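Participant: The following block contains a protein sequence and its predicted model.
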Amino acid sequence: MSFRRPEIIRPPSEAGSYFLPLTSGCSNNTCTFCGYHGSKLQMRDPDDVRREIDALALYMTSGAYVAGVPDIVYSSAGGWDGKRLFLQDGDALVYPLRKLNEVLQHINEALPSVERISAYATPQDILRIDAGQLEQLRSLKLGILYMGLESGDDEVLRRTAKGVNAKQMVEAARRAKEAGILTSVTVILGLGGVEGSERHALETSRVLSEMDPDYAGALTLVLIPGTPLYDEWRQGTFRLISPMESLKELVTIVRHSSFTRCFFSSMHASNYFAVRGQLPRDKKKMIGQLERVIAEGDASPLRPESLRGL
């Protein structure tokens, strides 16, 4: 089956990057809340990847087009500054290590202006690569990995079929950081449901603190039709928290997390209310913003349901 180029699903901070697909889908396709659930992982042929890199390099230096190269390459390159490149798809670090090294080397040679390469990665991806190999990837400009913690509560991780536990999450983050690779970790407000809300928030703050990421982002659960968690909600076995309850989870995570230096944000479009700041420096300010909205009980500052999305 020929490789199907994936839709662009990216972290908000990668808006200005060029998106280079190595895979399509996600190797960990069991998460009950995720749109990748049940997806089939495809690996792109390295020769095809190199052809795209070469075509991109030619366009960036001379504006020339290469016959047979998808239009998306040129439309993406049109506004690109040449500095950051994001490897698709759901966990590009699953790409075979030898081939990944070859691709990164080719990017470095053909596109020397690239300053940082990034990718989504599952903890499983990171844990199968030893320290020396991670350092080699860092030397080839793999500068940041985006990981989904989702929850620090092992029961929530088990129920949502994440495939790893909190201890493994912490170890994966530690390995990446020791190799000099920045870590950006996401959590999902509401993933514990109504009954597990408090424990989910407290355990998430504990595990986030142990991971001590450079960046952390909070999303709020958006149920996706066709996923098992959506079906649980329809059947009444999973109860969604309210918008105000999501803010209570968020303030709990901010209050109880302890970081060396982490930029924390809830700017994602799924959230009802946005805060951002450097922790621990801005902790008091961020908690105050959230507590004022919670105390007033006024939903008008919250993002309307119709404007929430992934």
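Facilitator: Right, received. Where do you want to start?
Participant: for the top helix by length along the chain, packing partners?
Facilitator: The helix of greatest length in the chain, counted in residues with DSSP state H as the criterion, is given as helix 46-62. In terms of contacts (3 or more CB pairs under 8 Å, 6 or more residues apart in numbering; DSSP states H and E), helix 46-62 is packed against strand 18-21, helix 71-77, helix 97-110. Where you see a C-beta, it was placed from the backbone N, CA and C, and this is true even at glycine.
Participant: so which of those is the most packed in?
Facilitator: The densest packing among those, expressed as mean neighbour count by mean count of other CB atoms under 10 Å, is seen in strand 18-21 with a mean of 22.
Participant: in its sheet, what does that strand sit against?
Facilitator: Each strand that pairs with strand 18-21, with its direction, by DSSP bridges: strand 84-88 (parallel).
Participant: Regarding Lys162, which helix or strand does it belong to?
Facilitator: Secondary structure here is read from DSSP states H and E; on that basis Lys162 sits in neither a helix nor a strand.
Participant: got the contact list for stretch 226-246?
Facilitator: Judged by CB atoms under 8 Å, 6 or more residues apart in numbering, the contacts made with stretch 226-246 from elsewhere in the structure are 32-35, 37, 160-161, 189-190, 193-195, 197, 220-221, 223-224, 249, 271-272, 294, 297, 299, 302.
Participant: what about burial for the residues you listed, which qualify?
Facilitator: Buried by 16 or more other CB atoms under 10 Å: 32-35, 37, 160-161, 189-190, 193, 197, 220-221, 249, 271-272, 294, 302, out of these.
Participant: out of these, which are inside strands?
Facilitator: Leu189, Thr220 (DSSP state E).
Participant: re the thing from before, quickly, which of the helices and strands packed on helix 46-62 bottoms out on average pLDDT?
Facilitator: When those are compared on average pLDDT, helix 71-77 comes out lowest at a mean of 90.
Participant: other SSEs contacting that one?
Facilitator: Applying 3+ CB pairs under 8 Å, 6+ apart, one finds that helix 71-77 contacts strand 18-21, helix 46-62.
Participant: Can you say which of those is packed in most?
Facilitator: strand 18-21 (a mean of 22).
Participant: Could you point out the helix or strand that follows that one?
Facilitator: For strand 18-21, the following helix or strand on the C-terminal side (DSSP H and E) is strand 23-24.
Participant: Quickly run through the sheet partners of that next one, with directions.
Facilitator: As assigned by DSSP bridges, strand 23-24 forms pairs with strand 42-43 (antiparallel).
Participant: just to revisit the earlier point, so which of the helices and strands packed on helix 46-62 gets nearest Lys284?
Facilitator: With respect to Lys284, and counting by CB to CB, the nearest of those is strand 18-21 at 37.8 Å.
Participant: shaky segments in the stretch 1-150 of the chain?
Facilitator: Across the stretch 1-150 of the chain, residues meeting the criterion (pLDDT under 70) sit at 1.
Participant: re the thing from before, centre of the chain to the longest helix of the chain, how far?
Facilitator: Per CA atoms, centre = their mean, to the nearest Å, the displacement of helix 46-62 from the mean C-alpha position of its chain is 26 Å.
Participant: CA-only coordinates of it in PDB, if you can.
Facilitator: What follows is helix 46-62, C-alpha atoms only, in PDB (Å, rounded to 0.1, in the frame of the first residue of the first chain):
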ATOM      1  CA  PRO A  46      13.400   6.800   3.300                       C
ATOM      2  CA  ASP A  47      14.100   7.400  -0.400                       C
ATOM      3  CA  ASP A  48      10.800   9.200  -0.700                       C
ATOM      4  CA  VAL A  49      11.600  11.200   2.400                       C
ATOM      5  CA  ARG A  50      15.000  12.200   1.000                       C
ATOM      6  CA  ARG A  51      13.400  13.200  -2.300                       C
ATOM      7  CA  GLU A  52      11.100  15.600  -0.500                       C
ATOM      8  CA  ILE A  53      14.000  17.100   1.500                       C
ATOM      9  CA  ASP A  54      16.000  17.600  -1.700                       C
ATOM     10  CA  ALA A  55      13.000  19.200  -3.500                       C
ATOM     11  CA  LEU A  56      12.400  21.400  -0.400                       C
ATOM     12  CA  ALA A  57      16.100  22.500  -0.400                       C
ATOM     13  CA  LEU A  58      16.100  23.300  -4.100                       C
ATOM     14  CA  TYR A  59      12.900  25.400  -3.700                       C
ATOM     15  CA  MET A  60      14.300  27.300  -0.700                       C
ATOM     16  CA  THR A  61      17.600  28.200  -2.500                       C
ATOM     17  CA  SER A  62      16.300  28.800  -6.100                       C
END
